[in-house]
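[1] how does the following fold in three dimensions:
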Amino acid sequence: MKDSTRIVSSSMAFSMAWLTISFAFPLLGVRYSLNYTEIGIIGMVSNLSFGIASASYLKAGSSVIRISLRMIPFLSAMATLLFLFSTKSTFAYVIGIVSIVQAFFWISMEIYLGYASGTGNAEKYTASWGFPMAFAPILAGAMIQYLGFRPLFIVGIVFFALAGFLAPNPKEYLAKDHGEKPSVIMILPLVFSGIAIGFFFYVIVPYLKLHGYSYVDIAVIETLFAGIQALVFFLLNFVRRIRVTIYALITAIMSASPLILLVSLSIYLIIPFVIVIAVASAIGFSKILSYISATTSPNTGVFYYETFYAIGFAIGSSVGGSLFELNHSISYLIFIMPFVYSFILVPRMKHKVPDLAC
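    Below you'll find the model as predicted:
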């Protein structure tokens, strides 16, 4: 099997496993009567794992990447097995264990893309982990609704194991070093996008469940998010190259869209909010990642990309959840930051902003 084929097949299987089981994380919190603060902390832990993994692999060579791509899927399957024996007092610890273990697969794969043979590997990889987003939430929601949580985790175990059998086998390579670092100003919108997405998955999703929406209803909304995101990923391939500053500002401003929920937490406002943050995240993930890739080495680029997004997700889920618990309106204060960035920080730092097109 070709290297590129293994990248696609293993990433798709791993994505299917992770998206399926992680759909259950905030809903398990609701099931066990946790409050918004506690559910938000679960979201923080599950996503800071990506920052931890990327920092750990800043100097990782080809041998470490090879072992990780082969072993992490099986270790993830073993960790997921713990869910079958978890209780109200232990499930959060299991989420933490599974999250940190599986994160090393994504970090290893993203680093390997910078060295893998063949062309278009990054695009193939994005499609392979993005494709399951179109139906993993529906599958997960239906399984929980009609079969319960345990069968969901069994499906996750199977897909994790499959990813291990399909994983690529990287050859020895020499590390690349561009000798540069990307501009923090240009990467900050990934934080804002992460805040919005973390708030959606770990605050709004529990809110919907607590207010009578079924698991399938929630799955449909999450599928809408994934579908819009995938569509924008595709369309961006046909958009002309413009300054990364423009993409950064678009991502930042659109990531402030949860402010519309100040009017009402009606589903008629939640749906537009979900659509807007899906577009924002797709632009940020695609174009800001392209900028990062062009300015630094694969290991360092993955660290910046994953860490900034993880920090944002942690803020959106934990800080957003805590404030939402205190007062719904106060929680939206965290979405003022993108406006400060767009209308104060970037104009004042315009001479230090890169002019790179992507």
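[2] low-confidence stretches in this protein?
    Counting by pLDDT under 70, the chain contains low-confidence residues at 1-3, 115-127, 172-180, 348-358.
[3] and Tyr57, how many residues sit next to it?
    22 (other C-beta atoms under 10 Å). Heads up, the C-betas are built off the backbone N, CA and C, glycines and all.
[4] identify the residue spatially nearest to it, adjacent ones excluded.
    Ile107 (5.2 Å; C-beta to C-beta, 6 or more residues apart in numbering).
[5] keeping just the C-alphas, turn the strand or helix carrying Val30 into PDB.
    Assigned by DSSP states H and E, Val30 belongs to helix 25-31. Extracted C-alpha coordinates of helix 25-31, given in PDB (Å, rounded to 0.1, in the frame of the first residue of the first chain):
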ATOM      1  CA  PHE A  25     -17.800  13.500  26.300                       C
ATOM      2  CA  PRO A  26     -20.000  16.600  27.100                       C
ATOM      3  CA  LEU A  27     -23.200  14.400  27.000                       C
ATOM      4  CA  LEU A  28     -21.700  12.000  29.600                       C
ATOM      5  CA  GLY A  29     -21.300  15.100  31.800                       C
ATOM      6  CA  VAL A  30     -25.000  15.900  31.400                       C
ATOM      7  CA  ARG A  31     -25.900  12.300  32.100                       C
END
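[6] can you list the buried residues in it?
    Buried residues in helix 25-31, counted by 16 or more other C-beta atoms under 10 Å: Phe25, Pro26, Leu27, Leu28, Gly29, Val30.
[7] off-centre distance for that helix?
    Helix 25-31 has its C-alpha centroid displaced from the chain centroid by 18 Å (C-alpha atoms, centre = their mean, to the nearest Å).
[8] what's that helix packed up against?
    Counting contacts by 3 or more C-beta pairs under 8 Å, 6 or more residues apart in numbering; DSSP states H and E, helix 25-31 is packed against helix 36-56, helix 91-113, helix 205-210.
[9] now render the ones you listed as TSV, adding distance to Ile187 and mean neighbour count.
    TSV is the format used below for these (distance: least, C-beta to C-beta, whole Å; neighbours: other C-beta atoms under 10 Å):
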stretch	distance to Ile187	mean neighbour count
helix 36-56	13	23
helix 91-113	15	24
helix 205-210	27	19
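[10] of all these, which one is nearest Ile344?
    Of all the helices and strands packed on helix 25-31, helix 36-56 sits nearest to Ile344, with 26.4 Å by C-beta to C-beta.
[11] any idea of the angle the closest one forms with helix 91-113?
    Between helix 36-56 and helix 91-113, the angle comes out at 30 degrees (axes from the mean of the first three to the mean of the last three C-alpha atoms, to 10 degrees).
[12] contacts only, for Ser322.
    Tyr36, Thr37, Gly40 (C-beta atoms under 8 Å, 6 or more residues apart in numbering).
[13] what's the separation between the last one and Arg70?
    To tie it back to what came earlier, the one meant is Gly40. 34 Å (C-beta to C-beta, to the nearest Å).
[14] hang on, Asn169 in a helix?
    No. With DSSP: H, G, I helix; E, B strand; the rest coil as the criterion, Asn169 is coil rather than part of a helix.
[15] any idea how far it is from Ser68?
    12 Å.
[16] neighbour count: these two, which is higher?
    Ser68 (24 against 10).
[17] so that one: helix, strand or coil?
    Going by three-state DSSP: Ser68 is helix.
[18] excluding chain neighbours, give the residue nearest to it in space.
    Leaving aside its chain neighbours, Ser68 sits nearest to Ser108 (3.9 Å; criterion: C-beta to C-beta, 6+ apart).
[19] quick one: Thr90 from Ser33, how far?
    In terms of C-beta to C-beta, Thr90 sits 15 Å off from Ser33.
[20] oh sorry, the question was meant for Val101
    Note on Val101: its distance to Ser33, by C-beta to C-beta, is 27 Å.
[21] one more: Ala282?
    For Ala282, the distance to Ser33 - C-beta to C-beta - is 35 Å.
[22] with neighbour numbers in mind, choose between the two.
    Ala282 (23 against 9).
[23] host element of the more buried one?
    helix 267-283.
[24] in terms of secondary structure, what does whichever helix or strand comes after that helix contact?
    Next helix or strand after helix 267-283 toward the C-terminus (DSSP H and E): helix 289-295. In this structure, helix 289-295 makes packing contacts with helix 244-254, helix 298-314, judged by 3+ C-beta pairs under 8 Å, 6+ apart.
[25] dump helix 289-295 to CSV, restricted to CA.
    The C-alpha coordinates for helix 289-295 follow below in CSV (Å, rounded to 0.1, in the frame of the first residue of the first chain):
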residue,chain,number,x,y,z
LEU,A,289,-2.0,26.8,8.7
SER,A,290,-0.7,27.4,5.2
TYR,A,291,1.0,30.5,6.5
ILE,A,292,2.5,28.6,9.5
SER,A,293,3.8,25.8,7.2
ALA,A,294,5.5,28.4,4.9
THR,A,295,7.4,30.1,7.7
